[in-house]
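# pasted the sequence and its predicted model underneath.
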Amino acid sequence: MPDPAAPSAQPFNPASAPDYLPRPQLQALQLERLQATVARAYERVPLFRERCEQRGITPAAIQGLEDIQRLPFTVKDDLRDTYPFGLFASPREEIVRLHASSGTTGKPIVVAYTHDDLAVWSEVVSRTLSACGVHPGDMVQNAFGYGLFTGGLGAHYGAERLGATVVPISGGNTERQMMVMRDFGVTTLCSTPSYFLHLLERAHAAGIDWPNLPLRVGVFGAEPWTEAMRQRIEQESGIRAYDIYGLSEIIGPGVGSECCAQEGLHIFEDHFYPEIIDPATGEPLPDGEEGELVLTTLSKQAMPMLRYRTRDITAIIPEPCACGRTVRRIQRIGRRSDDMFIIRGINVFPAQVETALLEVEGTLPHYQITLSRQGSLDQMEVAVEVTEAVLSDTVGGMEALRKRLSDALEHVVGVRVGVRLAEPRSLPRSEGKAKRVIDNRGEGA
Amino acid sequence: MKFKQLSLFLENQPAHLKQPCTILADAGINIRTLSLADADQFGILRLIVADWERAKRVLEEAGCAVRVDDVVGLEVPDERGGMAQVLSVLERGGHNVLYTYAFTFGTEGRAVLFMRFDDPDAAIDTLQDGGITVLDPAQWLSASG
């Protein structure tokens, strides 16, 4: 029997060729596709046409790539306002797949794919997996949720397209995940990073011998995670942990991916055109400056997205990457403009809290932020699970730990933060995205 | 000559103390003695059990974080001045007692003390030189079941 962990004799994925296009050739392709996309949306999507008319522009306005800045933005509310099918640019009969995001508030958003869209989607996910060092013949355990969420089926067809063996286990049922991982000789896991940490803890408790498992690659996405969390995952599990990027409104997973260099995520620019804007003014920012990521689909038919505001805060890295890909990179996304909460007038991102907790030696990133109000004053409490590494046998030792955590948080956040030490595994863990912030301050606070 | 003491972190809430005790009971592990250090929001449960490795394993499998420390067990006559005598010996040797817990039940006229030191080996030497009976874990745990 061949060693399941051995890389295939044909590691190069032919679908990855556009990752390496010379820039002028890539830009010519981008312009051609942008013009076609704008024309399609203008002809077929009333909302887009109306906004162009308000600005006095027609598809002919797009003469060069920089003309993209003349187009109106699209925002998430546009998808909600036109629910369910109002932004579709293909006749309903040509649409072969729908996905939807549950949406934490109000109506869900619905996204659509034609046959060609699905082919593009599989292609970009296969390029994602290749960039993460997954090869044809790899055993891929896909723990992203299957169903209306784009993660499961997106990763599934991309892995099949690559020629990997897919185990479509979906999310949840940790016992079965561990059994499959061990018994099938899984080499690649696709999941959220927080779910992998959960799996790792449970495997340790069950006495599973990680170093002897063939698992080699973790393809992690669907929630922001920090570099420190990556280091912890890699040290504890011995795998390489890669960050991938995608969102349903654009296509799902497959918009961008880290490569072997693990220094930013390449955007598959032949299909998705990235811009960075100042989130307050909407003005474009130059490469290298941090702002909100705006994406335009260049080849989607069923649901072209023009200048979609992702709410993700990042910067474009213009410098060439060590891996040789010519498609540009964005910095890892640590925060979203809508993850932010405000406490006593100070903007706080959960990622800042995570960074502070990790600075205190040995603290696991299993935590939960609770916001409440006492009188007229906002209170912030962070519950942090105690682990063996930080456990003291004296009350004084634990109080000192609590003070170190509280000081580190105050240093980063700027206001006094209450810390509650919690028993191991006592904080709720979703099997999908981790719920980090509970806001009990009520409406109109 | 040192005992392995297990420490567990517990939130100060109803039934949280019972949980690890039940886990050990279900695994057939008898708790020989314990102490609970409590703060406002949490407590630290310290346990002496016969088979500490197995106890640690079953507790961890049940999701507890378990810390292991060396503690010194010793025996003094259960009479006036018994404790003071031990502390005098330790004071002469310059040993600081981080914490201690004691019991007298079922020990036939003696008190058994468990003490935690920064340097347990040096403390054992001092105690033995001062004529204090230091318990041998293997003997004591097996003899008393």
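Cool, the structure landed. Numbers count the residues shown, from 1 in each chain, chains lettered A, B, ... in the order given.

# quick check: B:Thr104 touching B:Arg110?
Yes - using CB atoms under 8 Å, B:Thr104 is in contact with B:Arg110, at 7.5 Å. Every residue, glycine included, has its C-beta placed from N, CA and C.

# what touches both of those two?
B:Asp78 (CB atoms under 8 Å, 6 or more residues apart in numbering or on different chains).

# quick check: residues of chain B near chain A?
B:5, B:7, B:9-11, B:16, B:37-39, B:41-44, B:46, B:60-61, B:63-67, B:69, B:98-99, B:116 (CB under 8 Å from any CB of the partner chain).

# give me the subset of these that lies in helices.
B:Glu60, B:Glu61 (DSSP state H).

# can you tell me which residues contact the closest residue in space to B:Val49 that isn't next to it in sequence?
The spatial neighbour of B:Val49 that comes closest, neighbours along the chain excluded (CB to CB, 6 or more residues apart in numbering or on different chains), is B:Ala55 at 4.6 Å. Taking CB under 8 Å, 6+ apart as the criterion, B:Ala55 is in contact with B:Leu6, B:Leu24, B:Ala27, B:Ile29, B:Leu47, B:Val49.

# and the residue nearest to B:Glu61 when sequence neighbours are not counted, what's its pLDDT?
Among residues not flanking B:Glu61 along the chain, A:Ala205 sits closest, at 5.3 Å (CB to CB, 6+ apart). Looking at A:Ala205, its pLDDT stands at 81.

# can I get the helix or strand harbouring B:Glu75 in CSV, CA atoms only?
For B:Glu75, the host element (DSSP states H and E) is strand B:66-77. Taking C-alpha atoms only, strand B:66-77 is exported to CSV below (Å, rounded to 0.1, in the frame of the first residue of the first chain):
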residue,chain,number,x,y,z
VAL,B,66,-4.7,19.0,36.7
ARG,B,67,-1.5,20.2,38.2
VAL,B,68,0.9,17.9,40.0
ASP,B,69,3.2,19.1,42.9
ASP,B,70,5.4,17.4,45.3
VAL,B,71,4.3,17.7,48.9
VAL,B,72,5.8,16.3,52.1
GLY,B,73,3.7,14.1,54.4
LEU,B,74,4.7,13.9,58.1
GLU,B,75,3.4,12.5,61.3
VAL,B,76,3.4,14.0,64.8
PRO,B,77,1.9,12.9,68.0
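
# output the contacting helices and strands for it.
In this structure, strand B:66-77 makes packing contacts with strand B:2-11, helix B:52-61, helix B:82-92, strand B:110-117, helix B:120-129, strand B:133-134, judged by 3 or more CB pairs under 8 Å, 6 or more residues apart in numbering or on different chains; DSSP states H and E.

# what residues does the stretch 101-250 of chain A put near chain B?
Looking at chain B, the residues of the stretch 101-250 of chain A close enough under CB under 8 Å from any CB are A:Ala205, A:Ala206.

# again, only using 10 Å
For the stretch 101-250 of chain A, the residues in contact with chain B (CB under 10 Å from any CB of the partner chain) are A:Glu201, A:Arg202, A:His204, A:Ala205, A:Ala206, A:Gly207.

# against A:Arg44, how distant is A:Trp36?
For residue A:36 the amino acid is Ala, not Trp. 12 Å (CB to CB, to the nearest Å).

# one more: A:Val166?
Counting by CB to CB, the gap from A:Val166 to A:Arg44 is 34 Å.

# more neighbours: which of the two?
A:Val166 (19 against 16; other CB atoms under 10 Å in any protein chain shown).

# residues touching that one, list them.
Taking CB atoms under 10 Å, 6 or more residues apart in numbering or on different chains as the criterion, A:Val166 is in contact with A:138-142, A:155-160, A:188, A:190.

# may I see the buried residues of stretch A:68-80?
Of the residues in stretch A:68-80, A:Ile68, A:Leu71, A:Pro72, A:Thr74, A:Lys76, A:Asp78, A:Leu79, A:Arg80 count as buried by neighbour count, 16 or more other CB atoms under 10 Å in any protein chain shown.

# and stretch B:22-42, by the same measure?
B:Ile23, B:Leu24, B:Ala27, B:Ile29, B:Ile31, B:Arg32, B:Thr33, B:Leu34, B:Ser35, B:Ala37, B:Phe42.

# cool, stretch A:197-210 as well?
Neighbour-count burial for stretch A:197-210 flags A:Leu197, A:His198, A:Leu199, A:Leu200, A:Glu201, A:Arg202, A:Ala203, A:Ala205, A:Ile208 (criterion: 16+ other CB under 10 Å).

# give the next helix or strand downstream of the one helix or strand the third one maps to.
It stands for A:Leu199. Counting by DSSP H and E, the element that carries A:Leu199 is helix A:193-205. Next in sequence after helix A:193-205, counting helices and strands by DSSP H and E, comes strand A:217-220.

# now the residue in chain B that chain A sits nearest to: closest residue in space that isn't a chain neighbour?
Proximity of chain B to chain A (CB to the nearest CB) peaks at B:Ser7, 3.8 Å away. Computed as CB to CB, 6+ apart, the closest residue to B:Ser7 that is not its neighbour in sequence is A:Asp393, at 3.8 Å.

# you'd agree that neighbour is in a strand?
No - secondary structure of A:Asp393 (DSSP: H, G, I helix; E, B strand; the rest coil): coil, not part of a strand.

# residue contacts, it?
B:5-9, B:37, B:44-46, B:67-69, B:71, B:98-99, B:116.

# can you do 7 Å?
Taking CB atoms under 7 Å, 6 or more residues apart in numbering or on different chains as the criterion, A:Asp393 is in contact with B:Ser7, B:Ile44, B:Arg46, B:Arg67, B:Asp69.

# could you give the number of residues near the fourth one?
The one in question is B:Arg67. Counted with other CB under 10 Å, B:Arg67 comes out at 20.

# hmm, back to that, relative to A:Leu377, which of the buried residues of stretch A:68-80 is nearest.
A:Lys76 (31.9 Å; CB to CB).

# contact partners for A:Leu213?
Contacts of A:Leu213 (CB under 7 Å, 6+ apart): A:Met181, A:Arg182.

# do B:Phe9 as well
B:Phe9 touches A:Val386, A:Leu391, A:Glu423, B:Phe42, B:Ile44, B:Ala65, counting by CB under 7 Å, 6+ apart.

# appreciated, that's everything.
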